[in-house]
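# could you work out the structure for the sequence below:
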Amino acid sequence: MRSQEGTVLRSHGPGPELAVEEIEQTAGPGETLVEMRLASVTAQDRTVLSGKQPAAAFTPGSEGFGVVVSSAVADTGAGVVLRGEGVGVTRPGLWGRYAVVPDAAVHPVPASMEPATALALLTPALTAHTAVRRVGQVLAGETVVVTGITGLVARLCAAVARSAGAARVIGLAGVVESVERVGDLVDQIVRVDELGQVGRDLPWCDLAVDTMGGPVTSGVLGHITPGGRIALLGYKSGEFTTLDLHQLIGRDLRVLPVNVQRTTLEPGAVGQALADIAPARLRPEVELLPASRIGDLLESASGARLLLDLTALG
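I've put the predicted structure just below:
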């Protein structure tokens, strides 16, 4: 058992109800003690702070990065991402100088990935991991099509497919969209017109990951090899599509919805997701602020991912 005094942000709600105080953190069997450095402000955290979840004094924070003080599953001094196992939801969270979490909530960070990048991309990376590896079950040597390739989640899906061993990754983009940010994540770009019609130059594929929906979905179905599948991740181009039952049945295609909320992450998924996207070297927009200002900025409408700097707490 290892104890450490640390400063925490306790909360009954947002704004002035957030309060900083000292508390002793004690790690028991099956727990890891971490010196916190950064924490995300997630949708889950905002829900907790709104009073829809625990009303009693509670330390928020469901995703963060820190350095291991004591652990049976990670080396002392190792930088780790913390997420899951009820942290910040049903048990005290990460918005403090130190945190005690279950060992299963401790995940490795690739050496090539900056902590702020790992945190900012964690949620979309897990979405991409679920779509490509868990639902789409991509196999080495397959051809994968990703629609809406200029979007962040789509680019992460391409990175995961590449890491999983896909032989070719093809991205679909609108005719007027810039694909400059896509870089070398894909082997080919195929354009989709203003009506969502897919270009005839789209090759056959084994797996399609569709972030667009609408007419794009039906267009892509016509380019999936017999026995192939499409993982449906979004519907930016429309909530309704047309399915050709003749080709669906005749080519034995599988239509697989991706519902991240109803998918339980398997052990190692967080570390795998970060390792998959690390080679892509994406740089998300991040807004870093001192934890002492969190009460003033929880309602921030910034499009950047909000991260708290916890090193100034004490």
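# just how off-centre is stretch 196-213 within its chain?
23 Å (C-alpha atoms, centre = their mean, to the nearest Å).
# revised request: answer the last question for stretch 282-295.
Using C-alpha atoms, centre = their mean, the offset of stretch 282-295 from its chain centre is 17 Å.
# same check on stretch 216-233?
24 Å.
# and if you look at stretch 123-138?
9 Å.
# buried residues of it, list them for me.
For stretch 123-138, burial by neighbour count (16 or more other C-beta atoms under 10 Å) applies to 123-136, 138. Using the backbone N, CA and C atoms, a C-beta is placed for each residue, glycine as well.
# what are the ranges of the helices in the stretch 101-250 of the chain?
For the stretch 101-250 of the chain, the helices defined by DSSP state H, counting those that start in this stretch cover 115-129, 152-163, 214-221, 245-250.
# which stretch among those comes nearest residue 259?
Nearest to residue 259 among the helices of the stretch 101-250 of the chain is helix 115-129 (10.6 Å), distances taken as C-beta to C-beta.
# doesn't residue 292 belong to a helix?
Yes - per DSSP: H, G, I helix; E, B strand; the rest coil, residue 292 lies within a helix segment.
# quick check: it touching residue 313?
Yes - using C-beta atoms under 8 Å, residue 292 is in contact with residue 313, at 7.4 Å.
# neighbour-wise, which of those two wins?
Taking other C-beta atoms under 10 Å, residue 292 and residue 313 do not tie; residue 313 has more neighbours (20 against 14).
# ok, now how distant is that one from residue 307?
Separation of residue 313 from residue 307 (C-beta to C-beta, to the nearest Å) stands at 14 Å.
# before we move on, the earlier item: can you redo the helices of the stretch 101-250 of the chain as TSV with mean pLDDT and distance to residue 201?
Listed next are the helices of the stretch 101-250 of the chain as TSV, based on pLDDT from 0 to 100; distance: least, C-beta to C-beta, whole Å:
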stretch	mean pLDDT	distance to residue 201
helix 115-129	95	25
helix 152-163	97	18
helix 214-221	93	12
helix 245-250	93	19
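# thanks a lot, catch you later.
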